[in-house]
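Engineer: Provide a 3D model corresponding to the input given below.
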Amino acid sequence: MPRASTVLITGCSSGFGLETARFFLDQGWRVVATMRTPREDLLPKSEALRVLPLDVTDAESIRQCLWDAGPIDALVNNAGVGLLSPLEAVDMANARALYETNVLGTIAMTQAVLPQFRERRAGVVVNVTSSVTLKSLPLLSVYTGSKAAVNAFTESLALELAPFNIRARLVLPGRSPTTSFGDNARKLMSPDVPEAYVAFRDQVFAAVRDLSTPVTVAQDVAEAVWRAVTDPQAPMRIPAGADAVALAESLTGA
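Structural biologist: Just a heads-up that it's a prediction; the model follows:
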C-alpha cells in the first residue's frame, strides 16, 4: 500500500504556516510542521502529524530536521520575518538577519530537499512571498526586496527543475492584520526613527491595522498553498486573499 503524501512546512508556530499545516492534515496528508521552538499543543493530535524543531538559518538544524522527517513530497517555505521601518532607521544587522531567514533560509531548505525529489523525479516546492512584490508599499523596502528576491529565485529554479518533473511555485499573500505579522515586523524597527518620519510612520501603521478594506486571512493562504502543491496546472504565481487577488487582476487586466 503506498504511503500517504507528506508535506513539510516551515514557520508553523502561528499565522499562515499553522493554518496551512491544519489544512493539509484535514485533507488527509501527513504533515511535518516545523518551528524554531516546537509546540505540540498548537495542532490537533494526529498520527499523521510530526512537529519538529527547525532553524532555517542553521545548516545542522536543516540536516537534522530532514533526517527526522524522512521522505517528503512537498516543501512549503513559509518561515520568514518582517521589517516595517523607514530605511534610514533600519539597523543593518537586522537587515542581514531578515535576508538570512527570508532569502538564504528559503534557498537552503530548497537545496536540501532537491536530491530526494530529483531521484524520485517528483516533488513540489512552494515559496510563500507577498503581494507587496506586485505593488510597493512604504516602510517595507528591505522586506519587499527579500521577497522579490525569492520570487526571482523561484521562477529561475522552476526552469532547471522542470526536466526532473519537480515543480516550483509562488504564493503571494496580501495584507493580513489578523495575524501577528505586523507586530513581529515592528520588533525589528529601530526606536531611533528620525523625527521627520514619525507622522508618516504612524499613518502607515494605522493603515496596516485597518480592517475596513479587503484583507487576507490565513485560510486564504492555506488554500492557495494547497492548490500550488496539488494542481500541476497551477500558475507560477498564486495570489492569496481578496486584496492580493484584486491587485493581481488589476495588473493583468483580468
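
Engineer: Do you have the strands of the protein handy? List them.
Structural biologist: Ranges of strands in the chain, per DSSP state E, are 6-9, 30-35, 49-53, 74-77, 123-128, 166-173, 237-240.

Engineer: I'd like to know which of these lies nearest to residue 138.
Structural biologist: Among these, the nearest to residue 138 by CB to CB is strand 166-173 (18.6 Å). Backbone N, C-alpha and C define where each C-beta goes, glycine included.

Engineer: helices and strands around the closest one, which ones?
Structural biologist: Helices and strands touching strand 166-173, by 3 or more CB pairs under 8 Å, 6 or more residues apart in numbering; DSSP states H and E, are helix 106-120, strand 123-128, helix 141-161, helix 218-230, strand 237-240, helix 242-252.

Engineer: Of all those, which one is nearest residue 26?
Structural biologist: By CB to CB (comparing all of these), the closest turns out to be helix 218-230, at 9.3 Å.

Engineer: Could you tell me how far that closest one lies from the centre of the chain?
Structural biologist: Chain-centre distance of helix 218-230: 11 Å, with CA atoms, centre = their mean, to the nearest Å.

Engineer: winner for burial among the helices and strands packed on strand 166-173?
Structural biologist: Mean neighbour count (mean count of other CB atoms under 10 Å) peaks for strand 123-128 among the helices and strands packed on strand 166-173, with a mean of 25.

Engineer: Apart from its chain neighbours, what residue comes closest to residue 209?
Structural biologist: residue 177 (5.2 Å; CB to CB, 6 or more residues apart in numbering).

Engineer: residue closest to the middle of the chain?
Structural biologist: Centroid check for the chain by CA atoms, centre = their mean gives residue 78 as the closest residue, at 2.6 Å.

Engineer: Thanks a lot, see you next time.
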